[in-house]
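> Just a sequence and a predicted model for now, questions to come.
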Amino acid sequence: MNIKKLNELLAFKYSLFTEDVDEALNDEKIKIIANEINESCLREEMTEKDEKLREMIYSYLSRREGNGIYVSVYKGLDEHRCINEGIRHPKNIVKDILFRVKQAKIEPDEYFEESFSLKEAYKEFKYTIPESVAQKCRFMYDVDYGGSEGIYYQLMMLDRSTNTSLLHNLITGKTLAVDEKSFMKMSRLGAYINLLLKSDFSRINTSNL
């Protein structure tokens with residue numbers, strides 16, 4: 001079994017289009033296997049197994065160089081229709097960002113890691129933040145000098161879904177240098193991650209960053 005083709009075909013079932021989907025669709029054996037695995041997408045409710053499989057697909061595609069980070073979550077009604085359920089859980093998006101930054105070899109020299117508070121964010125949800133909440137959330141980032149040393153990067157999520165706005169810290173990065181070149185380097189890191197997040201379900205060219 002070609003796992004790469006199978007994943008891309010499963011992604012297609014959720015209306016996520018990739019360059020290799022036509023090749024996968026021409027493989028009848030893979031179509032049969034994928035339909036058996038994914039037949040539950042025709043039901044009104046998905047099982048936890050279905051959600052886990054879908055998250056694996058999104059993460060797989062998010063880690064492919066040239067793709068944006070898959071943020072939005074869709075549920076297939078059939079092979080032609082889908083509905084937006086919300087966004088992927090930030091903890092899973094963060095894992096894909098950490099992977100892509102390491103892949104691009106643009107990590108800060110001191111550290112680049114998920115925030116210690118991330119494990120507490122949205123504990124009531126496992127894989128997906130529902131659309132009722134997600135539509136009032138947005139990613140933000142900041143690059144600034146530290147109080148005593150270095151330059152810091154922070155990725156945050158602003159949540160206005162309740163009466164009190166919440167700001168969740170997702171990722172923190174640091175470089176010990178404080179010169180202008182290092183500040184620009186950290187700013188490019190922020191721009192790179194922002195582009196990945198803004199290119200939901202899109203192919204992107206990051207060669208100029």
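Structure's in. What do you need? Numbering: from 1, shown residues only.
> State the mean pLDDT of the strand or helix carrying residue 139.
Using DSSP states H and E, residue 139 maps to strand 137-145. Mean pLDDT, strand 137-145: 96.
> May I have the strands that pair with that strand, each with its orientation?
Strands that pair with strand 137-145, judged by DSSP bridges, come out as strand 151-159 (antiparallel).
> what does the strand it pairs with rub up against?
Outside strand 151-159, the residues within contact range by Cβ atoms under 8 Å, 6 or more residues apart in numbering are 90, 94, 97, 108, 112, 121, 133, 136-146, 165-175, 177-178, 182-183, 186, 189-190, 193. To be clear about C-beta, it is placed using only N, CA and C from the backbone, and glycine gets the same treatment.
> Among those, which ones are in strands?
112, 137-145, 166-175 (DSSP state E).
> Just the buried ones among the residues you listed, please.
The neighbour-count criterion (16 or more other Cβ atoms under 10 Å) marks 112, 137, 139, 141, 143, 168, 170, 171, 172, 173, 174, 175 among those as buried.
> before we move on, the earlier item: any idea how far the strand holding residue 139 is from the chain center?
For strand 137-145, the separation from the chain centroid amounts to 16 Å (computed by Cα atoms, centre = their mean, to the nearest Å).
> With just CA atoms, put it into PDB.
Presented in PDB, the C-alpha positions along strand 137-145 are these (Å, rounded to 0.1, in the frame of the first residue of the first chain):
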ATOM      1  CA  CYS A 137     -10.000  33.700  17.000                       C
ATOM      2  CA  ARG A 138      -7.000  35.000  15.200                       C
ATOM      3  CA  PHE A 139      -3.200  34.300  15.200                       C
ATOM      4  CA  MET A 140      -0.900  37.200  16.200                       C
ATOM      5  CA  TYR A 141       2.900  37.400  16.500                       C
ATOM      6  CA  ASP A 142       5.400  39.800  18.100                       C
ATOM      7  CA  VAL A 143       9.100  40.300  17.700                       C
ATOM      8  CA  ASP A 144      10.800  42.500  20.400                       C
ATOM      9  CA  TYR A 145      13.900  43.000  22.500                       C
END
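> tilt between it and strand 166-175?
40 degrees (axes from the mean of the first three to the mean of the last three Cα atoms, to 10 degrees).
> what does strand 137-145 rub up against?
By Cβ under 8 Å, 6+ apart, the list of residues contacting strand 137-145 reads 87, 129, 151-161, 167, 170, 178, 183, 186-187, 189-190, 193-194, 197.
> 10 Å instead?
69, 71, 86-87, 90, 93, 122, 129, 151-161, 166-168, 170-171, 173, 178, 183-191, 193-194, 197-198 (Cβ atoms under 10 Å, 6 or more residues apart in numbering).
> ok, now stretch 105-115?
Stretch 105-115 is contacted from outside by 90-91, 94-95, 97-98, 100-102, 121, 149-156, 168-177, 182, 185-186, 188-189, 192-193, 206, 209, using Cβ under 10 Å, 6+ apart.
> Off-centre distance for that stretch?
On Cα atoms, centre = their mean, the centre of stretch 105-115 falls 17 Å from the chain's centre.
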